[in-house]
Every structure is written in C-alpha cells, then in structure tokens.
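[1] Structure here, sequence nowhere to be found:
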C-alpha cells in the first residue's frame, strides 16, 4: 500500500513546491534576524533601519525593504507599532517577556539573568556582530 500523501516519483508535493517558492528562503533567513534585532533594540526600529541592519553592506539596504515588509507581515502578531525616537513609525516586540525570552537579560537586583533563547542564540550573536561591524 502506498502513502496517500506522497506524490509519484518526479512530482513535487505541495509542501515541496511551497517551500521552494521565491522569497521563502529569504524569510527563513530574515525572520530570526529581525526578531533578534527587535529583541535587543533599546528603542523601536523603523523599516529603513531594519533593512539597513539586515543588509550585508549599507548599499544593499534598498533591496531589503520588501524583505523586511514580508518578515514583518509574517510575525505581525508578535509586534507592536511604536514611534521611533525621531518620531517615525517603528516596530518593537509586543511584550517585555518575549523580548527577555528571545534576547536574554542580565540579572539585576533580585531579578535573575535570563539566557538567550536557544533557537535564536546563534542568530542573535550574528546580528550583534553585524551591528558592531557597522558601528
């Protein structure tokens, strides 16, 4: 008996087709970086700043604008619209507990330290390394 969910040899399954759609590989790369950046940001970030931070070099930032919008749309439920320090429309994570979980937190007073979320630890370190290289 054959598996009813499998396709005949040489025919892609709907899942395979969906996973290979243009832009999905970008989303898999950009989404963890976007969440890591927002978890560590001290203030809301606008789309321009996120595009600049996701780009390998500043000159590539314009082509990252659509990718930022795609990633923001994918996790809209986790985000809150807040103005940036200069008054532009910005984004931040919607809960401090989520920020603490994703980005970790140093211990202070009677509050224990929270380690980085294991699933984002490497991504967060990569995002921070990018920030230091651009500074």
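    It's in. Quick caveat, the model's predicted, so the values are computed rather than measured.
[2] Just the strands from the chain, written as ranges.
    In the chain, the segments counted as strands under DSSP state E are 79-83, 89-93.
[3] Report all helices and strands that the last one contacts.
    Using 3 or more C-beta pairs under 8 Å, 6 or more residues apart in numbering; DSSP states H and E as the contact criterion, the elements in contact with strand 89-93 are helix 24-40, helix 47-54, strand 79-83. Placement of C-beta: from N, CA and C, glycine included.
[4] Show me the contact partners of the last one.
    Going back to what we said before, that points to strand 79-83. Residues from elsewhere that reach strand 79-83, judged by C-beta atoms under 8 Å, 6 or more residues apart in numbering: 38, 44, 72, 89-94.
[5] Give me the buried entries from these.
    Restricting those to buried positions leaves 38, 44, 72, 90-94, with burial counted as 16 or more other C-beta atoms under 10 Å.
[6] and which of those is nearest to residue 31?
    Nearest to residue 31, judged by C-beta to C-beta, of these is residue 72 at 9.5 Å.
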